[in-house]
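[1] what's the 3D shape of this:
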Amino acid sequence: MGSPDLDPGVRVRRAEVVLIFLLQLVLPARFQGAPPAGGLAVPSAQDGRLEVDPLCFDGKARTVEKCCDHAAHTGPCLWGGILSHGYCCDATSDCFAWGVLIQGDDVQDPVPARTGLECRHLCQAQPLCEAWSFIMAGFPEEGLRFSCWLKSRLWTETEAETATRYAGLVVSGSRHCPRNHSEVLGSLRNVRTMDLTQDPMGCVVRPRWDAVGYASRAAECLFRHGWVVLRGALEEAEAQQLHDACAREVETLLPLDPDRAGNRGPRRYSLGSASRTHHMVHVPEWARLIDHAAITPILRLAFGDDDYVAIGGGGDIVLEHTDSMQWLHVDLPRWEMYERVHPPPGLGVNYAVHDVSCDGGAMRLVPDTHTMPFQLDKMAPFTESEMLESFGLMRVMVCPMKRGDILLRDLRLWHAGSANLGETPRLSPNSEFLAKWYADATEGTEDHLAPRRVLPRELWEQLSPHGQQITRRTRAEGLLDTRFHEKIAIPQQYD
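    Numbers count the residues shown, from 1 in each chain. Here you go, the predicted model:
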């Protein structure tokens, strides 16, 4: 597929020539006739099935009847990150050009992928990619199967007219779907949206202005609205040390993912998910956040007493030039989280270690949703504003944030990461805490946020008596494997 002794541009052109030649050489005769008039073909019924990616249906857990006779994100089929209802079932979707091969204009050598949906994910991870072509499992030449070709342009009308020739062998698509991506970005920023300059719900609190009363005001915001921002709560030296520690970890992480596929979306990473321990508190700068002077008074009020659990912390990274965004989601996976309104099952604390603009990867959240059951089928970015209007909800962009600001939020709150259109990565380390009742329900399970023995004893011994108390369930006695996983990329694509 490429020769190491060639210039990268030459390697791409040679690989493209090989692909086109082999398509013409090995295509079955039924694909080599003149294409019909009328333009692009879409998946159609043939021999009682949809003509789509053969990996869509395995005849057991995933069948056409089981997976396609209902709306997306409902029903018994859990597609995962590389297959979806739209990709496998929706013959009317304009997200996928079945049978279309975009010829030339590659932005790099082809990369392996398992499905067209994963190929789209890899396109979104490459800032120069505008479209993609994927060679499916049924292609006669085995060496070209499962190859993903990232393109600098969309397909032409002429290429669309060849769709029947390559039917069942190739699928292409645009970088984003729907294609009005700039309108979606604008909607998230401007429709039913407030930012921190408007002091939404009165939940922007300044501890230095009210050292006595700020904690009760912050706890009240958490109880009523599910979030609060503390302005200037980190000292400058603390913010700098935490920034430097986070930057060091990113330097270790990124070489493990040369395609920048991410593990929380394209070019987007969760440090905790990448870590073999699920957390980063083996790093001293993270361990110091367990009992922070500005945060502990709020946690005591929010949880009702001192008997809560510090489970660790991690945080997320959004690389520069990331124009994709996450779907709204919650951080707890169990329906037990709705059994009690107060105390909340868990709280997350994010620390601004550098200024964050509203176009720089800021978090967006939906106040008052921490007690509303989560519905995945309503959380797509391109329908998010419409959904908020239907529920009478508003969105808050947690920006602009200044270095030293802190966000606390109920882990049930609907939230998501937004695009980082800036020139530098957005770093957001965090710490995480559970109420005793929720820690009891999850300890010993595989839940990502269940209590685990992740805090080295030598760091535990440096904590205050209160810090040692709330980490009794997370103190480790032996050696820990604190490396990142060798394979950290996790494609995440949805309809």
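
[2] any idea of the mean pLDDT in stretch 421-440?
    The average pLDDT within stretch 421-440 is 96.

[3] now swap in stretch 255-263 and tell me
    96.

[4] can you list the residues that contact that stretch?
    Identification of contacts with stretch 255-263 by CB atoms under 8 Å, 6 or more residues apart in numbering yields 111, 121-122, 125-126, 254, 266-270, 273-274, 319, 484-492. In this view, the C-beta of every residue, glycine as well, is placed from N, C-alpha and C.

[5] Now restrict those residues to buried residues only.
    Buried members of the contacts of stretch 255-263, scored by 16 or more other CB atoms under 10 Å, are 111, 121-122, 125-126, 266-270, 273-274, 319, 484, 488-492.

[6] Filter the residues you listed down to just the ones in strands.
    Among the buried ones among the contacts of stretch 255-263, the members falling in strands (DSSP state E) are 111, 268, 269, 270.

[7] Next, give me the two most distant ones among the residues you listed.
    Within these, 111 and 270 form the most distant pair, 22.4 Å apart (CB to CB).

[8] Can you give me the neighbour number for residue 143?
    Applying other CB atoms under 10 Å, we find 11 residues neighbouring residue 143.

[9] Which of the three states applies to it?
    On the three-state scheme (DSSP: H, G, I helix; E, B strand; the rest coil), residue 143 is labelled helix.

[10] how much space is there between it and residue 112?
    According to CB to CB, to the nearest Å, residue 143 and residue 112 sit 12 Å apart.

[11] The nearest residue to residue 74 once chain neighbours are set aside: what's it in contact with?
    Nearest residue to residue 74 in three dimensions, chain neighbours excluded: residue 377, at 5.8 Å (CB to CB, 6 or more residues apart in numbering). Residues counted as contacts of residue 377 (CB under 8 Å, 6+ apart) are 71, 72, 73, 74.

[12] okay if I get the ones in strands among the buried ones among the contacts of stretch 255-263 as JSON lines plus pLDDT?
    Shown next, in JSON lines, are those (pLDDT from 0 to 100):
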{"residue": "111", "pLDDT": "95"}
{"residue": "268", "pLDDT": "96"}
{"residue": "269", "pLDDT": "97"}
{"residue": "270", "pLDDT": "95"}
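
[13] Return the closest of the residues you listed with respect to residue 308.
    Within those, the smallest distance to residue 308 is 22.5 Å, found for residue 270 (CB to CB).

[14] Residue 264 is in contact with the closest one, correct?
    Yes. With contact defined as CB atoms under 8 Å, residue 270 and residue 264 form a contacting pair (4.8 Å).

[15] shared neighbours, those two?
    Common contacts of residue 270 and residue 264 (CB under 8 Å, 6+ apart): residue 316.

[16] For stretch 151-158, buried residues please.
    In stretch 151-158, counting by 16+ other CB under 10 Å, buried: 151, 154, 155.

[17] Pull the number of nearby residues for the residue lying closest to the second one once chain neighbours are set aside.
    The spatially closest residue to residue 154, leaving aside those adjacent along the chain, is residue 131, at 4.9 Å (CB to CB, 6+ apart). Using other CB under 10 Å, residue 131 has 23 neighbouring residues.

[18] and if you look at residue 215?
    By other CB under 10 Å, neighbour count at residue 215 equals 22.

[19] Make 18 the first number, not 1, from now on.
    In the new numbering, first residue 18, that becomes residue 232.

[20] SS state for it?
    Per three-state DSSP, the local secondary structure of residue 232 is helix.

[21] which one is it nearest to, not counting chain neighbours?
    Among residues not flanking residue 232 along the chain, residue 314 sits closest, at 3.8 Å (CB to CB, 6+ apart).

[22] Spell out the residue ranges of the helices in the stretch 168-317 of the chain.
    Using DSSP state H, counting those that start in this stretch, the helices of the stretch 168-317 of the chain run over 174-177, 198-207, 231-242, 253-270, 288-291, 301-304, 313-320.

[23] Show me what the mean pLDDT comes to for stretch 378-387.
    In this model, stretch 378-387 carries a mean pLDDT of 97.

[24] Need the distance between the two termini of it.
    Distance across stretch 378-387, first residue to last, is 22 Å (CA to CA, to the nearest Å).

[25] For this structure, which residues score under the pLDDT cut-off?
    Within the chain, the stretches with pLDDT under 70 are 18-68, 512.

[26] any idea which strand is longest in it?
    The chain, longest strand under DSSP E: strand 443-452.

[27] Okay, now the sheet partners of that strand, with direction.
    Strand 443-452 sits in its sheet next to strand 325-329 (antiparallel), strand 332-335 (antiparallel), strand 363-368 (antiparallel), going by DSSP bridges.

[28] right, so of the ones you listed, which gets closest to residue 306?
    Closest to residue 306 of the strands paired with strand 443-452 is strand 363-368 (CB to CB; 7.2 Å).

[29] So which elements touch the very next helix or strand once past the closest one?
    Per DSSP states H and E, the first helix or strand lying C-terminal to strand 363-368 is strand 380-382. When contacts are defined as 3 or more CB pairs under 8 Å, 6 or more residues apart in numbering; DSSP states H and E, strand 380-382 packs onto strand 412-414, strand 432-434.
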